[in-house]
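A.B. asks: Pasting the sequence and the predicted model now:
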Amino acid sequence: MKLKTISTLCLAASTLLVASSAMAWESEDGVHSTSASVALSSDYVWRGMSQTQRDPAISGSFDYSHSSGFYAGVWASNVDEFADGDQANLEVDTYAGFSSEFGDTGIGYDIGWLRYIYPGIADGLDYDWNEYHIGLSYSFLSASVNYANEVYGDGGDSALYYTLGAAHEFESGFSIDANVGAYDYSDEAAYGDDLYIDWNVGVSKELAGFGLDVRYFDTSGEFSGDQSDRVVFTISKSM
C-alpha cells in the first residue's frame, strides 16, 4: 500500500468522524436524508478477491436518499496494484438507483447503476467501468443479477454476476449472513473455465456504536489462486 494514500484516507476517515452530526441528516418532512460511514478492515475483499494484496483497507461512504426510493452515493477505499506498474492505489465508486417494495407483498426490489473508478493509474491504462444491477429480497433472502458491458475496463468483455444471500438477526443483537456469487464471462477463456464462484459467511454485531464483523471468504476455479480462503475483520461506524 502507498503510505500517502493511507494517510489521505485516514485524514478523510477522521474528518467523517468529527463531522458525523452533519452527515446524518434528515429534512423536517422526512423526504430527504443523508448518511455516511467509515470502516477499517484487515483486507478489502471484492467478490472473493483481495483488492489490497491481503493488506488492511480503510474505506468511507457518503449517501443521499429520497423518500420515493431514489438513492445515490459515493464510496472509496485504498487498493493495491492489480498488475505490476499499473499504479492503482485508490478505488472510488459512484452509484445511484431506486429501491422500494411491490405494494404490501413484502417483496423488495432494487434497480441501480455503479461506476468503478481508479484515479491516478499509469498512462495508457483505463480500469474504469460500469455495472448495472437488479435485485429482489423477501424476508431473510436476497438475490441480484449484475451486468457489465466492459468488465474490469480497458476493453474488457461483458459479464454477468449472480448473487444469492440469506441473513438472520438474533434477539441478542448478533446477526449471521451467508452469500454466494457466480461470475459468468462472455469470454471464459480469458478469465478461467466455467463459472467463477465465490462465497462468504459472517457474524456481525453493533457494540458501543460501532459495527463489528468477522467474515470467512473462499473462491473456486482458476481465478482463486492466492485470493481464496481467508478471514476478514471489520470495524465500522455509521453516521
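C.D. replies: Here it is on my side, so go on.

A.B. asks: shouldn't residue 236 be in contact with residue 210?
C.D. replies: Yes - counting by CB atoms under 8 Å, residue 236 does reach residue 210; the two are 6.7 Å apart. Quick note: C-beta positions are derived from backbone N, CA and C, even for glycine.

A.B. asks: okay, the two: which has more neighbours?
C.D. replies: Remark: of residue 236 and residue 210, residue 236 carries more neighbours, 18 against 12, as counted by other CB atoms under 10 Å.

A.B. asks: gap between the more buried one and residue 185?
C.D. replies: Distance of residue 236 to residue 185, computed by CB to CB, to the nearest Å: 32 Å.

A.B. asks: Same check on residue 37?
C.D. replies: 31 Å.

A.B. asks: Low-confidence stretches in the chain?
C.D. replies: Flagging of the chain using pLDDT under 70 yields the residue ranges 1-23, 189-194, 221-228.

A.B. asks: Pairing partners for the residue nearest in space to the middle of the chain in the sheet, please.
C.D. replies: In the chain, the C-alpha nearest the mean C-alpha coordinate belongs to residue 46, at 6.8 Å (CA atoms, centre = their mean). Bridge pairing for residue 46 (DSSP bridges) gives the partners residue 49.

A.B. asks: again, but for residue 214
C.D. replies: residue 203, residue 233.

A.B. asks: Quick one: neighbours of it, just the number.
C.D. replies: 14.

A.B. asks: Can you report how many residues neighbour residue 118?
C.D. replies: Count around residue 118 with other CB under 10 Å applied: 20.

A.B. asks: got the contact list for it?
C.D. replies: For residue 118, the contacting residues are 79, 88, 90, 91, 92, 127, 128, 153, by CB atoms under 8 Å, 6 or more residues apart in numbering.

A.B. asks: Most neighbours among the residues you listed, which one?
C.D. replies: Ranking the contacts of residue 118 using other CB under 10 Å puts residue 79 first, with 23 neighbours.

A.B. asks: so that one touches residue 88, yeah?
C.D. replies: Yes - the pair residue 79 and residue 88 passes the contact test of CB under 8 Å, sitting 5.6 Å apart.

A.B. asks: Endpoint to endpoint, stretch 25-43 covers what distance?
C.D. replies: 30 Å (CA to CA, to the nearest Å).

A.B. asks: so how far is residue 166 from residue 141?
C.D. replies: 6 Å.

A.B. asks: Same question for residue 127.
C.D. replies: 32 Å.

A.B. asks: So which of the contacts of residue 118 are in strands?
C.D. replies: 90, 91, 92 (DSSP state E).

A.B. asks: Any idea how far stretch 179-187 is from the middle of the chain?
C.D. replies: 16 Å (CA atoms, centre = their mean, to the nearest Å).

A.B. asks: Can you name the residues that contact the residue nearest to residue 114 when sequence neighbours are not counted?
C.D. replies: Spatially, and ignoring its direct neighbours in sequence, residue 114 is nearest to residue 95 (4.2 Å; CB to CB, 6 or more residues apart in numbering). By CB under 8 Å, 6+ apart, the residues touching residue 95 are 72, 73, 74, 75, 112, 113, 114, 115.

A.B. asks: If we use 10 Å, what do you get?
C.D. replies: Residue 95 makes contact with 61, 63, 71-75, 112-116, 131, 133 under the criterion CB atoms under 10 Å, 6 or more residues apart in numbering.

A.B. asks: now residue 134
C.D. replies: 97, 109, 110, 111, 112, 143, 144, 145, 146, 147 are the contacts of residue 134 under CB under 10 Å, 6+ apart.

A.B. asks: The nearest residue to the fifth one once chain neighbours are set aside in helix, strand or coil?
C.D. replies: Same thing as residue 112. Nearest-residue entry for residue 112: residue 97, 2.3 Å, with adjacent residues in sequence omitted and distances by CB to CB, 6+ apart. Taken by DSSP: H, G, I helix; E, B strand; the rest coil, the conformation at residue 97 corresponds to strand.
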